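Trainee: task: produce atomic coordinates for the following.
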Amino acid sequence: MTRVGWALAAVAVAAAVWVVNEPTLDYGFAYDDQAVVQERPPAWQQGWSEFLATRGWGVGRHAVLLSLDLDRRDPLTPRPFRITNLVFATMNALLVLALASALGLSPAGALTTALLFAVHPTHVDAVVGIVGRAELMAAFGVLGVLLLHVRGYGGGTAGLVLAGVLFFVGLASKESAACIFVLIALLELFRPGPAFTAAIAKRPRGWPLAFLAAVAVWLLLVARNFATVDTIAFADNPLAYLPTGERILAAGEILWRYVASTIWPFGLRPDLGYAEITTSSSAGVLGWLAWAAVVATALALRRRAPLVGFSLLWLPAAFAVTGNVVMPIGTMMAERLLYLPSLGPCLLAGALVDGIRRDTTTRRWGGRATLAVALLALAIAYNQRARVWIDDEHYHEQAVALSPRSAKAHYNLGLSYARRGRYEESEQAFARALAVIPRFAAAAGYRAEALRRLDRVDEAVAVYEAYLRAVPNDVDALRNVAGLQESLGRNDDALRKIRRAVELAPDRTDLLAALTEIEARARRAAADMPSPAIP
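Mentor: The predicted structure follows:
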């Protein structure tokens, strides 16, 4: 293809990204935007030392946090953030176009790959959700590095420095960028495309040092982030509470669910936590057996069709960090995590187009018509899925409507209502979350608080007592219910609860202080009681 042809292809890909996302530019803040964008002070207000030391949202994601801070305007509006997300999505789609070509696809195959990537509905949460920028920037770093690697790091030292910088940006946006090591290993194994083979001799010596240097700098900057460990909520990822072997089995099944969502991205759901999806050991075993067959097939194609073999393994390789295999992550399954892994099936579609191009005229036109229909269907599905993000309240209501079995979706809806003072609806949403997970501590606490604000303190106490039957040693719940019982004049019950809390956590000064206060008030109440009349 001529330069003009490639320029037109790039324009088509960029236009596809903008067409499907343009309606979302005036959407409001939603979901995690409140904590990460609206409530978090920018880096220059925190102070740079505190900014780097604060774990905040994930481990070492300071590049994406800083990029979000640079989008701040007064007054704070979501449009600048969304435009930047759209710019990153466009650059990533163009990198996909270049990478697909460098890996050996024809211009038609590369364009197919990039167009499918540009309008894929599973990308909505990464592109339209403002904090999804972490996925976009991590993918930008990975795709840029892979393109440089396939082309042999043109420019020598300058190419290596650029690769190191890109990898650092990706890693400092989200730790999932570390999958680059697995993807490069696969590239070295399969060596797809003549450009890759020719570039091997052009690589500067010691090219891996660029990646090691990027990792070293990242670790040096974020070392203090590892001093604390985030607690993974059961509602977010029940796999974190399984023995290692069972978790890995379940992860194999979930990887196939991701494959299914990529191939048929219709009827997508905003939340995939407990119990919207469930796993089983038998399905996990079958899943890993199927993955073993995929690996065997890919290796069998190593000489005859290396790009196909490489593409078959792209998705699981891109999930090397976020697949719950090596370690549990903060979520069991989420569509936004498919942003980079979905490129594997898109590459396979591009390879299929190349195969059809060598077929009969009828089949070629049939293939083009099928591709056009598929792109239109994906664009429509993208638009429908993106509408979930119109604003915060709409997002959470849609999450419950589309993920009705998710305890987390009901819980988040309850929080959304509570922020707006709609405590009646908030209490009902928390109740539905507790119906799914009776041991859901946060849902129990917020439901009781909603009832207290509705002056239904007796019911708030009943919520805590029901929760404590499931989790009898939750010291925070014991302290909270003690306060409620005391407000009802049930001093003996309150004392029993707070003493139990102190017994479980004798080193907590707040519990000791609460015990002292409740005992003092109980003594004063007893002293103020009138003496019984003498007959």
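Trainee: correct me if wrong: V119 contacts A377.
Mentor: No. The criterion here is C-beta atoms under 8 Å, and V119 misses it with A377 at 9.5 Å. Every residue, glycine included, has its C-beta placed from N, CA and C.
Trainee: those two - which one has more neighbours?
Mentor: V119 (25 against 14; other C-beta atoms under 10 Å).
Trainee: mind listing what the more buried one touches?
Mentor: 16-17, 20, 375, 378-379, 382 (C-beta atoms under 8 Å, 6 or more residues apart in numbering).
Trainee: in the lengthiest helix in the chain, what counts as buried?
Mentor: For the chain, the helix with the greatest residue count under DSSP state H is helix 361-386. For helix 361-386, the neighbour count (16 or more other C-beta atoms under 10 Å) marks 367, 371, 375, 378-379, 381-383, 385-386 as buried.
Trainee: next SSE downstream of the lowest-mean-pLDDT helix or strand in the chain?
Mentor: Every helix and strand in the chain was compared by mean pLDDT, DSSP states H and E; the lowest is helix 194-200, with a mean of 80. From helix 194-200 onward toward the C-terminus, using DSSP states H and E, the following helix or strand is helix 208-222.
Trainee: show me what that following helix is packed against.
Mentor: helix 157-171 (3 or more C-beta pairs under 8 Å, 6 or more residues apart in numbering; DSSP states H and E).
Trainee: what packs against the helix it packs on?
Mentor: Packed on helix 157-171, when contacts are counted by 3+ C-beta pairs under 8 Å, 6+ apart, are helix 133-150, helix 208-222.
Trainee: could I get the ones you listed as a markdown table with mean pLDDT and mean neighbour count?
Mentor: Shown next, in a markdown table, are the helices and strands packed on helix 157-171 (pLDDT from 0 to 100; neighbours: other C-beta atoms under 10 Å):
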| stretch | mean pLDDT | mean neighbour count |
| --- | --- | --- |
| helix 133-150 | 96 | 25 |
| helix 208-222 | 92 | 16 |
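Trainee: need those in CSV (columns: distance to T54).
Mentor: Below are the helices and strands packed on helix 157-171 laid out as CSV (distance: least, C-beta to C-beta, whole Å):
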stretch, distance to T54
helix 133-150, 16
helix 208-222, 10
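Trainee: of all the ones you listed, which one comes closest to P341?
Mentor: helix 133-150 (9.6 Å; C-beta to C-beta).
Trainee: any idea how far that closest one is from the chain center?
Mentor: Centre-to-centre, helix 133-150 and its host chain are 17 Å apart (C-alpha atoms, centre = their mean, to the nearest Å).
Trainee: ok, stretch 209-229 next?
Mentor: On C-alpha atoms, centre = their mean, the centre of stretch 209-229 falls 21 Å from the chain's centre.
Trainee: same check, this time on stretch 222-230
Mentor: 19 Å.
Trainee: for stretch 338-357, same thing?
Mentor: Taking C-alpha atoms, centre = their mean, one finds stretch 338-357 lying 23 Å from the centre of the chain it belongs to.
Trainee: cool, and stretch 109-120?
Mentor: That offset, for stretch 109-120, works out to 22 Å (C-alpha atoms, centre = their mean).
Trainee: so for it, mean pLDDT?
Mentor: In this model, stretch 109-120 has a mean pLDDT of 97.
Trainee: same check on stretch 449-467?
Mentor: pLDDT averaged over stretch 449-467 gives 95.
Trainee: burial check on the closest residue to V64 other than its chain neighbours, number of neighbours?
Mentor: Among residues not flanking V64 along the chain, S173 sits closest, at 4.1 Å (C-beta to C-beta, 6 or more residues apart in numbering). Other residues lying near S173 total 28 when counted by other C-beta under 10 Å.
Trainee: what does the pLDDT read for S173?
Mentor: For S173, the pLDDT comes out at 95.
Trainee: check the one 3 residues further on too.
Mentor: You'll see S176 listed with a pLDDT of 94.
Trainee: go on, P535?
Mentor: 48.
Trainee: and for V471?
Mentor: pLDDT, V471: 92.
Trainee: surely it meets F440?
Mentor: No. Contact criterion C-beta under 8 Å: V471 and F440 do not qualify, at 9.4 Å.
Trainee: got the domain boundaries for this protein?
Mentor: Each domain of the chain is listed here as a residue range: 3-388, 404-526, per automatic domain parsing.
Trainee: for those, give me JSON lines that also has distance to H394.
Mentor: What follows is those, written out as JSON lines (distance: least, C-beta to C-beta, whole Å):
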{"stretch": "domain 3-388", "distance to H394": "7"}
{"stretch": "domain 404-526", "distance to H394": "10"}
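Trainee: out of these, which is closest to Y395?
Mentor: Across the domains of the chain, the minimum distance to Y395, taken as C-beta to C-beta, is reached by domain 3-388, at 4.2 Å.
Trainee: what about the strands in this structure?
Mentor: In the chain, no strands are defined using DSSP state E.
Trainee: low-confidence regions, it specifically.
Mentor: Applying pLDDT under 70 to the chain flags the ranges 56, 358-360, 528-535.
Trainee: can you do 80?
Mentor: Residue ranges of the chain with pLDDT under 80: 1, 55-58, 154-156, 195, 197, 201, 227-230, 357-367, 522, 525-535.
Trainee: what sits against the closest residue to T113 other than its chain neighbours?
Mentor: Using C-beta to C-beta, 6+ apart and skipping residues adjacent in sequence, the residue nearest T113 is G350, 3.6 Å away. G350 makes contact with 100, 105, 109-110, 112-113, 116, according to C-beta under 8 Å, 6+ apart.
Trainee: now, these that are in helices?
Mentor: Using DSSP H, 100, 109-110, 112-113, 116 are the members of these that sit in helices.
Trainee: from those, which single one is nearest R257?
Mentor: For the ones in helices among the contacts of G350, the residue nearest R257 by C-beta to C-beta is L116; the value is 19.5 Å.
Trainee: would you confirm that the closest one contacts Y382?
Mentor: No. Applying C-beta under 8 Å as the test, L116 and Y382 come out as separate, 11.3 Å apart.
Trainee: now stretch 52-67, how far from the chain's geometric center?
Mentor: For stretch 52-67, the distance to the chain centre is 15 Å (C-alpha atoms, centre = their mean).
Trainee: stretch 291-305 now?
Mentor: The gap between where stretch 291-305 is centred and where its chain is centred comes out at 30 Å by C-alpha atoms, centre = their mean.
Trainee: show me what counts as buried in it.
Mentor: 291, 294, 298, 301, 305.
Trainee: repeat for stretch 155-166
Mentor: Buried residues in stretch 155-166 (16+ other C-beta under 10 Å): 159-160, 162-166.
Trainee: of the domains of the chain, which is nearest H396?
Mentor: Comparing these by C-beta to C-beta, domain 404-526 comes nearest, at 4.2 Å.
Trainee: straight-line length of the closest one, end to end?
Mentor: Taking C-alpha to C-alpha, to the nearest Å, domain 404-526 runs 50 Å from one end to the other.
Trainee: what residues are up against Y411?
Mentor: 235, 429-430, 433, 440, 442-443, 446.
Trainee: let me have the residues you listed in TSV, extended by neighbour count and distance to R496.
Mentor: Conversion of the contacts of Y411 to TSV gives the following (neighbours: other C-beta atoms under 10 Å; distance: C-beta to C-beta, whole Å):
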residue	neighbour count	distance to R496
A235	25	30
A429	27	31
F430	29	26
A433	26	28
F440	26	24
A442	14	24
A443	28	24
Y446	22	24
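Trainee: and the helices in the stretch 301-450 of the chain?
Mentor: 306-318, 343-357, 361-386, 392-402, 407-419, 423-436, 441-453 (DSSP state H, counting those that start in this stretch).
Trainee: quick one on the thing from earlier: and the least confident helix or strand of the chain, how far out from the chain's middle?
Mentor: Using C-alpha atoms, centre = their mean, the offset of helix 194-200 from its chain centre is 35 Å.
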